[in-house]
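[1] Sequence and predicted model, in that order:
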Amino acid sequence: MNDLSHIDAAGRARMVDVGDKPVTTRRAESRGELLCAPATLDKVRAGETPKGSVIATAELAGVMAAKRTAELIPLCHPLALSQVLVEIAIDDSLPGFSIRAEVRTSGQTGVEMEALTAVSVAALTLFDMLKAVDKTMTIEAIRVTAKDGGRSGAMRKP
């Protein structure tokens, strides 16, 4: 268990001490999908959903969630985020919504968890706002797709 940064020698959970790490510019990108019926996408395009502007609301929810990640994930450090961008697009090839988040900071630890939280809560918000019109929806493939900064450097997933 000593190889895990959040576990001490006795197997107890602990917050990692990042105090001696250098401050660097950090960026993370994550993506996910909410799959739904094509008729649901038609209702969103036409503005005929019972809870209003679902995409704009879900994008805002994702931004708000990223800023509160340390309150949700027990061992995450609270970070001063310099940017949170959440973009949701209708994707007829799924069919559903493609969700992308990008988070930036200058700090001593990365922002992968904040990017993942942004996508997750955006997807959950879409689900909540559309559940009255579509019982078939699924949330899928939430993952980190890129990161920059820190000791491990850049990472890109296809």
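    Cool, got the structure. Owing to the predicted nature of the structure, the values given are computational and were not obtained by experimental measurement.

[2] My assumption is that A132 lies in a helix; please confirm.
    No: A132 is assigned coil when assessed by DSSP: H, G, I helix; E, B strand; the rest coil, not a helix.

[3] Would you agree it is in contact with V54?
    No: using Cβ atoms under 8 Å as the test, A132 is too far from V54 to be in contact (11.1 Å). Using the backbone N, CA and C atoms, a C-beta is placed for each residue, glycine as well.

[4] Those two: which is more packed in?
    Neighbours per residue (other Cβ atoms under 10 Å) separate A132 from V54, with V54 holding more: 23 against 10.

[5] Spit out the contact partners of the more buried one.
    44, 125-126, 129-130 (Cβ atoms under 8 Å, 6 or more residues apart in numbering).

[6] if I read this right, V144 contacts R100, doesn't it?
    No: contact criterion Cβ under 8 Å: V144 and R100 do not qualify, at 11.6 Å.

[7] so what sits against both of those two?
    Contact with both V144 and R100 is made by residues 29-30, according to Cβ under 8 Å, 6+ apart.

[8] which SSE is R45 in?
    Element membership of R45 [criterion: DSSP states H and E] is helix 38-46.

[9] K157: how many residues sit nearby?
    Count around K157 with other Cβ under 10 Å applied: 10.

[10] can I assume it is in contact with A146?
    Yes: using Cβ under 8 Å, K157 is in contact with A146, at 7.0 Å.

[11] The host helix or strand of G32 pairs with which strands, and in what direction?
    When secondary structure is defined by DSSP H and E, G32 falls within strand 24-35. Strands that pair with strand 24-35, judged by DSSP bridges, come out as strand 96-107 (antiparallel), strand 138-148 (antiparallel).

[12] what distance separates the start and the end of stretch 87-100?
    5 Å (Cα to Cα, to the nearest Å).

[13] mind listing what's buried in that stretch?
    For stretch 87-100, a neighbour-count test (16 or more other Cβ atoms under 10 Å) marks 88, 90, 94-100 as buried.

[14] Which of those sits closest to A65?
    Within those, the smallest distance to A65 is 11.9 Å, found for I99 (Cβ to Cβ).

[15] so how far is L35 from the closest one?
    11 Å (Cβ to Cβ, to the nearest Å).

[16] Also D42?
    Applying Cβ to Cβ, the value for D42 to L35 is 15 Å.

[17] Of the two, give the one with the bigger neighbour count.
    Comparing D42 with L35 by neighbour count (other Cβ under 10 Å), the higher total belongs to L35, at 17 against 12.
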